[in-house]
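1. Return a 3D structure for these sequence lines:
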Amino acid sequence: MPEETKSFDLVVIGGGPAGIIGATTAAALGKTVAVVDNHHELGGAGANTGTVPSKTLRETALAFSGMKSRNLYGVDLSLRREATVADFLHHERDVKHALNHSLSKRLKACATTVYYGTAEFTDPHTIRVRLHNGENSSEEVSIRGEHVLIATGSAPVHPEGFPFGSAEVYDSDTILDLDRLPGTMAVVGCGAIGSEYACTFAALGTQVHLIDSRDVLLPFLDSELSRALTAAMEKNGITFHWKQKVTTYSAQPSGAVALTFESGETLKVDAVLIAAGRKSNVEILNLAAAGVATGDHGVIPVDGYYRTNVSNIFAAGDVVGFPALASTSMEQARRAVRHAFGADFSSHASSLLPTGVYTIPEVSMVGETEESLRTAGVDYIVGRGLYGACARGRIIGDTDGFLKLIFRQLDMKLLGVHAIGEQATELVHVGLIALLGGCSVSIFDEACFNIPTLGALYKTAALDALTAARKLTVS
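-> Numbering: from 1, shown residues only. Reported below is the predicted structural model:
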């Protein structure tokens, strides 16, 4: 029988990026908090299978492949076929273990109670936890939360027809279990995850084939960035198969895999990564007992403050759908908890959440795209700063990247920031702050940036936009 129910101001289900931030935010407000996590290590996919491991592997691939060295010095330091996957995962595992330890210390420091086990609602306030820590795997506890934050993340979608668990077929949670670097790899699905891993393995010398039913890469990006990224990935050796769907899969006696497309085309590769989207981890939560509604793929609908249809239950992160990034998930949880306990810092939650995709090269954006402004009927001016015309870009060996700023033509107010190239995910933050402040082009025209830095591209792009605006005035 369950023990006597223990009560908390907040119960967080899920110990990933959203759950950790939700818990620490509540603790900082002086609230009692419990976290329930269905793993043996905190951090969720962000720390253990997704964000941190994949980005760490990307940096390791860049170092081992010698890509930067080739650009800077014309020297190829690549290990190529002599390397194994294990050669590249040592740093990734070090980073992951250090982060796990740091997260545990962080929750302990703010007196958060952590339960390792599976959570199941019995009513909108009560959660039954089946513990799975060692010998007490069958033990149950019941806890009660004045408020509940659902932050259970997501899992890869497994389309029918692929033998997941076999030696050749992987998803984004298992791809790092590869015991060798494949000579050829097919990536099915060119969303953010598929594109990132395609770039990483291509950097390691694998011949990568990227397959998608669409005909555009990362359609949420400004189309200019999407086209530039496609060209860069092709330059790095990635082959795109657009408007194709895999209809059959068959293992070959040689150990290879044969894929057949709807078009009849066939492709033989050594390994297949299925990156066909993700679904919310809500199946075992018994949301019906709490009255929480769900939509397609288990996505939980929420309002502007991430409250579900049940007034005391909030949700954040992958379970609420796009953009499903660690950064946005953490901000969603922070806002949800502040709102739950009446500690909102503003009357309106900003929709300005940056997007960063760790392809090679990186791409990042925040705010409006040219396409969204044309749809809305807003006249705009574009200014660009090219890495190749910037001292810092030359120094780091990136001459193809660029920063793109979009201003409203009427008053030259900044509306969108887009970057592609080395450190693009860092560069975008300057523009994010300017957007949050409602700034116009003058903020960059007047600012003094360190030289040489990529940040100075903001001044270049601003001057480019002012020049374009003057030409329109004259004409």
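
2. per-residue confidence at the spatially closest residue to Ala289 that is not a sequence neighbour?
-> Residue nearest to Ala289 in three dimensions, not counting chain neighbours: Phe121, with 4.5 Å by Cβ to Cβ, 6 or more residues apart in numbering. Where you see a C-beta, it was placed from the backbone N, CA and C, and this is true even at glycine. With respect to pLDDT, Phe121 scores 97.

3. can you pull up the bridge partners for Phe121?
-> Phe121 has these beta-bridge partners by DSSP bridges: Ile127.

4. show me what contacts it?
-> Contacts here follow Cβ atoms under 8 Å, 6 or more residues apart in numbering; on that basis Phe121 touches 127-128, 285-287, 289-290, 292.

5. Now, these that are in helices?
-> 287, 289-290 (DSSP state H).

6. Centroid-nearest residue for the chain?
-> Most central in the chain under Cα atoms, centre = their mean is Leu325, positioned 3.5 Å from the mean C-alpha point.

7. hey, C-alpha coordinates of the top strand by length along the chain in PDB?
-> Secondary structure assigned by DSSP state E gives strand 140-150 as the longest strand of the chain. The C-alpha trace of strand 140-150 is given here as PDB (Å, rounded to 0.1, in the frame of the first residue of the first chain):
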ATOM      1  CA  GLU A 140       5.100   3.100  -4.300                       C
ATOM      2  CA  VAL A 141       4.600   6.500  -2.800                       C
ATOM      3  CA  SER A 142       1.800   9.000  -3.200                       C
ATOM      4  CA  ILE A 143       2.500  12.700  -3.300                       C
ATOM      5  CA  ARG A 144       0.300  15.700  -3.700                       C
ATOM      6  CA  GLY A 145       1.000  19.000  -5.400                       C
ATOM      7  CA  GLU A 146      -0.900  22.300  -5.100                       C
ATOM      8  CA  HIS A 147       0.400  22.800  -8.600                       C
ATOM      9  CA  VAL A 148       1.800  20.300 -11.000                       C
ATOM     10  CA  LEU A 149       4.200  20.800 -13.900                       C
ATOM     11  CA  ILE A 150       4.300  18.100 -16.600                       C
END
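
8. Who are the packing partners of that strand?
-> With contacts taken as 3 or more Cβ pairs under 8 Å, 6 or more residues apart in numbering; DSSP states H and E, strand 140-150 sits against strand 6-13, helix 17-28, strand 33-37, strand 126-131, strand 313-315, helix 326-340.

9. need the ones you listed in a markdown table with mean pLDDT and distance to Gly393, can you?
-> Formatted as a markdown table, the helices and strands packed on strand 140-150 follow (pLDDT from 0 to 100; distance: least, Cβ to Cβ, whole Å):
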| stretch | mean pLDDT | distance to Gly393 |
| --- | --- | --- |
| strand 6-13 | 96 | 43 |
| helix 17-28 | 92 | 31 |
| strand 33-37 | 93 | 42 |
| strand 126-131 | 94 | 52 |
| strand 313-315 | 97 | 41 |
| helix 326-340 | 91 | 25 |
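
10. Reformat the ones you listed as JSON lines; add distance to Ser54 and mean neighbour count.
-> Shown next, in JSON lines, are these (distance: least, Cβ to Cβ, whole Å; neighbours: other Cβ atoms under 10 Å):
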{"stretch": "strand 6-13", "distance to Ser54": "24", "mean neighbour count": "24"}
{"stretch": "helix 17-28", "distance to Ser54": "14", "mean neighbour count": "27"}
{"stretch": "strand 33-37", "distance to Ser54": "21", "mean neighbour count": "26"}
{"stretch": "strand 126-131", "distance to Ser54": "30", "mean neighbour count": "20"}
{"stretch": "strand 313-315", "distance to Ser54": "24", "mean neighbour count": "29"}
{"stretch": "helix 326-340", "distance to Ser54": "11", "mean neighbour count": "24"}
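
11. Can you give me the neighbour number for Val257?
-> Using other Cβ atoms under 10 Å, Val257 has 25 other residues around it.

12. That one and Asp270: what is the separation?
-> 7 Å (Cβ to Cβ, to the nearest Å).

13. what do these two both touch?
-> Glu168.

14. Could you chop the protein up by domain?
-> The chain breaks down into these domains under automatic domain parsing: 6-156+279-340, 169-276, 361-474.

15. I'd like to know which of the ones you listed is closest to Leu353.
-> domain 6-156+279-340 (4.5 Å; Cβ to Cβ).

16. what's the span of that closest one, first residue to last?
-> Terminal residues of domain 6-156+279-340 lie 20 Å apart, using Cα to Cα, to the nearest Å.

17. For the stretch 351-475 of the chain, which segments count as helices?
-> 370-376, 391-396, 424-436, 442-446, 457-474 (DSSP state H, counting those that start in this stretch).

18. And these, which one averages the lowest pLDDT?
-> helix 391-396 (a mean of 91).

19. buried sites along that helix?
-> Using 16 or more other Cβ atoms under 10 Å as the test for burial, helix 391-396 gives 392-393, 396.

20. Ok, stretch 140-160 next?
-> 141, 143-145, 147-156.

21. Stretch 225-242 too?
-> 225-226, 228-230, 232-233, 236, 238-241.

22. Which members of these are positioned in helices?
-> Per DSSP H, the buried residues of stretch 225-242 map to helices at 225-226, 228-230, 232-233.
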